[in-house]
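The following comprises the amino acid sequence and a computationally predicted model.
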Amino acid sequence: MLNNILAISNELYITLSIICVILSVISAVFVIIVVIMQPGNSDGIGAIGGHSETFYGKNKSKTLESKMKKLTVIAICVLFVCMITFYILYLIPGAK
């Protein structure tokens, strides 16, 4: 009974698998590029010297750096969902 519920056609399995792989590759390349483009978090400020509050620090959420970090998190989530979906498709009996 469970096998009949989980069974999908071979064409649908192939289509979903290809979509998952393509989205995974695109998001993985995007993550690599965005992470390479991001500067380090320290920016030359040591632990002993402390951190001074500046106008830049107050408005950091509006900068390109913060947008890149948000895009990185979104791309990693897309990659995670695609990989889990691909694995679930692999486990479905009769679709291979």
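Yes, it's here.

residues near residue 20, how many?
Counted with other Cβ atoms under 10 Å, the neighbours of residue 20 add up to 20. For the C-beta atoms, the positions are set from N, CA and C on the backbone; glycine is no exception.

Contact partners for it?
Contacts for residue 20 (Cβ atoms under 8 Å, 6 or more residues apart in numbering) come out as 82, 83, 85, 86, 89.

Next, the last one: secondary structure please.
Here residue 89 takes the helix state, with states given by DSSP: H, G, I helix; E, B strand; the rest coil.

what pLDDT does it get?
If you check residue 89, the pLDDT there is 82.

Could you count how many residues lie near it?
17.

ok, it - contacts?
Counting by Cβ under 8 Å, 6+ apart, residue 89 has contacts 13, 16, 17, 20, 95.

can I get the contacts of residue 20 in a markdown table with distance to residue 25 and secondary structure?
Formatted as a markdown table, the contacts of residue 20 follow (distance: Cβ to Cβ, whole Å; DSSP: H, G, I helix; E, B strand; the rest coil):
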| residue | distance to residue 25 | secondary structure |
| --- | --- | --- |
| 82 | 9 | helix |
| 83 | 11 | helix |
| 85 | 14 | helix |
| 86 | 12 | helix |
| 89 | 16 | helix |
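
Out of the residues you listed, which comes closest to residue 75?
Distance to residue 75, by Cβ to Cβ, is smallest for residue 82 among the contacts of residue 20, at 10.5 Å.
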